Every structure is written in C-alpha cells, then in structure tokens.
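**Q** Please work out how this folds:
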Amino acid sequence: MADVSGLSQFIDQATHESRLRVESDLGDGFVRLRVSEAERRQAKQDIRCVEDAAIEMLRNARDAHARSIFFAASKSGSIRRFTMVDDGDGVPEHLHETVFEPRVTSKLDSLTMDDWGVHGRGMALYSIKANAEEAFIASSAAGQGSSFVVTFDTTKVVERRDQSTLPDLVKALDGFWSVGSSPHNIARTVAEFALANRKKCTVYFGSPVEIAATLLAFGRSSHQSAGMVSFEQVAPSKRLACASDSQQFAHIAAGIGLEMSSRSAHRILQGQIKPLPPYLESLSRRREGDTGTRSSKRAVGRDYRGLKVAQEDVDDFSADLKRAWRELADRYFLEGDVEPAIRISHDSVHVTFPVRKQL
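**A** From the prediction side, this is the model:
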C-alpha cells in the first residue's frame, strides 16, 4: 500500500508541476510563484548598479512581447531616472503595485535563459524596487503596453563614471556583429541588449525629450485616428499623438513618466526636435581590425590606391563566390548557404567564409 501511495504522489507531482510552482493565481495571466526566502534575499543582490536595473527593465519588456521599446535616461544631481515605454502585453490596473512584489510573474511556463542569465522567476521588478528610490508603473493597459519609471540615488546604487561615451558596432570577418570595446555604461548596456534581441524587438534610447519626440512619430504612424478617442484610451506608446497643443503634450508626457516643460513640448511639436532612429542604426560601425576609421555597410566600395569597386561588382563577385562555395561545401558536408565576408585593403582582397558543419 505504501508503494501505491508513493506512486500516486509521484504521478500527482509530475502531472501538476505548474500547480505546485504557483502559490496564488492573481488573475489576468499573472501568478505568484513559490520561491524560497534564500532566493528572495539573493534577488535583492541582483541589482548591484543602475546598469543592472536597465537590463532587467529591458528584458521584462521583451518577455512581455514588446516589439518596440523606448528607453529614456536622465540625471539630476545624484538621481538617475529611467522611463521605459513599450508596446507589449501591459499590466492590468489592479496589479500595478503587485507586480513589484516578489515572485509575481506572467511567465509561468516561459522561463527565459539569455546572455544575462535566467529570467521569469518573478523577481526582476522586485529587485529593482528593493534598490530604487522609487519604482512604479506610470501608465499601462492590458494588451496595449506599459510605461515604467525607476529612479536611483547613485550615492547608494552606483553607476559607471563615464556615461557619455557611446559604444560602436564591430563586424567580424565571419560577418557577425558585436559591441566594440567601451565603458560598461548605460549606453553600452542598452546597445548589447538591442543587438542580442534585434530580431525580437526594436530599441530606441535617448533623453526624455528625444524619446517623447520619437513616441510622437510612433503614434502618428499608427492607423488609429487620435481625434476619435480620448487619449486615456490610447496605448501609452501612441498617446502623445493625441496632443492638440504643447500644454496638453507636456501633460500627456508626464502621465507616461516623461516630464518636460511646455517649451520643450512646443519644440517637439514644431519639429525642432527630431525623432530618434532605432538605437543600433545610430551607432558607428567598423570592421574587425580597423582601429581609427569607421566603416559603413558599403565599406567594400571605398577607394583603395585608386581602385574604386562599384557595389554591383562586389555583389556579382559575392554571387560567384557563393556558387563556388556550395560545390565545395557539398563535398565536405558543410552548410552551403552562407554569406562570404569581403574586405578590400590597400593591397589585397580578403574573402572569408564561415565554416558550419551540417548536422
């Protein structure tokens, strides 16, 4: 009988794993997980600097299925402020405070492992709030996205001293991109996230005023007619397009966590402050091995010792190389559908094929 009881218990555990991991169902897809006190204490240590908080906020938006993330950073004295607006799943109003409690998540069955570790335990927002001066949802609606605001006192939670240096993007000989050597500041943190997740979401990064100008353009590009509805009914990421004048623009911006003067709002509406491009597009690019010269996507068409190679000739050359590579790849069980990296220097032409074995 004991064996039968033990078997029944095992089957119950195996077939009700989700139930056993959930302490309470909060509704609207959110749950509170069972997490030990040791894990709760460890979570507070996850935020060692403001850059850690930035990456946790970005990961949270990505895991909420955001396709566009607008990340504003500003500093006044020792106070660092982040405002992040996204077009993800959003948070129901009755859970705006609850999501900052430990073990609360909407990702019961989608634990994520990425370049920064495990995500989805329901501890990220708790960790941020435990270390921040304030952390709150300025605006959110289920299915329409959210706006999160977090402030830190950098005398308590440190940040990198050099916050002005922007990173660049480096293209390796095998064609893969990475973030170049630079201080591990907020700008680099956002760049690393944007690059790693470029197929999942687009990240915009700048000052609150720049992000507001970008959100205005984002809202205007929507097919929704701003004049047909009250701005409170519009998604936070598109709400600024509802403003009829600078005073209302500043009011709506404050409502999503972007504080600014009416003068700044007026400059945005007059087009004096331009919307930002996607963050990755704004960064300088260079090829691996280059030290002082930035390169663009058409670097292979530069003039080297009087030789100017037209882009169409480079494309034809690349096509011929790919045909030859496919024949070789078939003989040695390699993947044939790869892109060659072509680099023209002052005295040579370099061609590199990434070697990937067939499974």
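**Q** how about low-confidence regions in the stretch 151-300 of the chain?
**A** Scanning the stretch 151-300 of the chain with the threshold set as pLDDT under 70 gives 223-229, 291-300.
**Q** Tell me where the protein has helices.
**A** Per DSSP state H, the chain carries helices over the ranges 2-15, 17-21, 37-45, 50-63, 124-131, 186-196, 208-220, 246-255, 262-269, 279-282, 311-331.
**Q** Which parts of the stretch 101-250 of the chain are strands?
**A** Secondary structure of the stretch 101-250 of the chain (DSSP state E, counting those that start in this stretch): strands at 104-105, 112-114, 117-119, 134-141, 145-153, 169-171, 177-179, 202-206.
**Q** Mind putting those into JSON lines with mean neighbour count and distance to Gln272?
**A** For glycine as for every other residue, the C-beta is placed from the backbone atoms N, C-alpha and C. Listed next are the strands of the stretch 101-250 of the chain as JSON lines, based on neighbours: other CB atoms under 10 Å; distance: least, CB to CB, whole Å:
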{"stretch": "strand 104-105", "mean neighbour count": "22", "distance to Gln272": "42"}
{"stretch": "strand 112-114", "mean neighbour count": "12", "distance to Gln272": "39"}
{"stretch": "strand 117-119", "mean neighbour count": "14", "distance to Gln272": "39"}
{"stretch": "strand 134-141", "mean neighbour count": "19", "distance to Gln272": "25"}
{"stretch": "strand 145-153", "mean neighbour count": "23", "distance to Gln272": "24"}
{"stretch": "strand 169-171", "mean neighbour count": "19", "distance to Gln272": "29"}
{"stretch": "strand 177-179", "mean neighbour count": "16", "distance to Gln272": "31"}
{"stretch": "strand 202-206", "mean neighbour count": "23", "distance to Gln272": "15"}
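**Q** What's the per-residue pLDDT of Leu20 here?
**A** According to the prediction, Leu20 has pLDDT 41.
**Q** ok, back up a step: want to try CSV for the helices of the chain, with distance to Asp162 and mean neighbour count as columns?
**A** As requested, the helices of the chain are arranged in CSV below (distance: least, CB to CB, whole Å; neighbours: other CB atoms under 10 Å):
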stretch, distance to Asp162, mean neighbour count
helix 2-15, 51, 9
helix 17-21, 42, 11
helix 37-45, 25, 13
helix 50-63, 12, 23
helix 124-131, 22, 22
helix 186-196, 10, 22
helix 208-220, 20, 22
helix 246-255, 29, 19
helix 262-269, 26, 19
helix 279-282, 18, 16
helix 311-331, 37, 13
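**Q** Could I get the contacting residues of Glu210?
**A** 72, 273, 275-276 (CB atoms under 8 Å, 6 or more residues apart in numbering).
**Q** Filter those residues down to the buried ones.
**A** By neighbour count, with 16 or more other CB atoms under 10 Å, these hold 72, 273, 275-276 as buried.
**Q** hmm, back to that, compare the helices of the chain and give me the one nearest Phe152.
**A** With CB to CB as the criterion, Phe152 lies closest to helix 50-63 of the helices of the chain, at 5.1 Å.
**Q** for that closest one, packing partners?
**A** The helices and strands touching helix 50-63, judged by 3 or more CB pairs under 8 Å, 6 or more residues apart in numbering; DSSP states H and E, are strand 68-76, strand 79-86, strand 112-114, strand 117-119, helix 124-131, strand 145-153, helix 186-196.
**Q** Nearest to Ser221, out of the ones you listed?
**A** strand 68-76 (10.5 Å).
**Q** can you put the helices and strands packed on helix 50-63 in CSV and add distance to Phe176?
**A** CSV is the format used below for the helices and strands packed on helix 50-63 (distance: least, CB to CB, whole Å):
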stretch, distance to Phe176
strand 68-76, 23
strand 79-86, 27
strand 112-114, 17
strand 117-119, 22
helix 124-131, 28
strand 145-153, 31
helix 186-196, 10
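**Q** Would you tell me which of those gets closest to Val99?
**A** Taking CB to CB, helix 124-131 is the member of the helices and strands packed on helix 50-63 nearest to Val99, at 5.5 Å.
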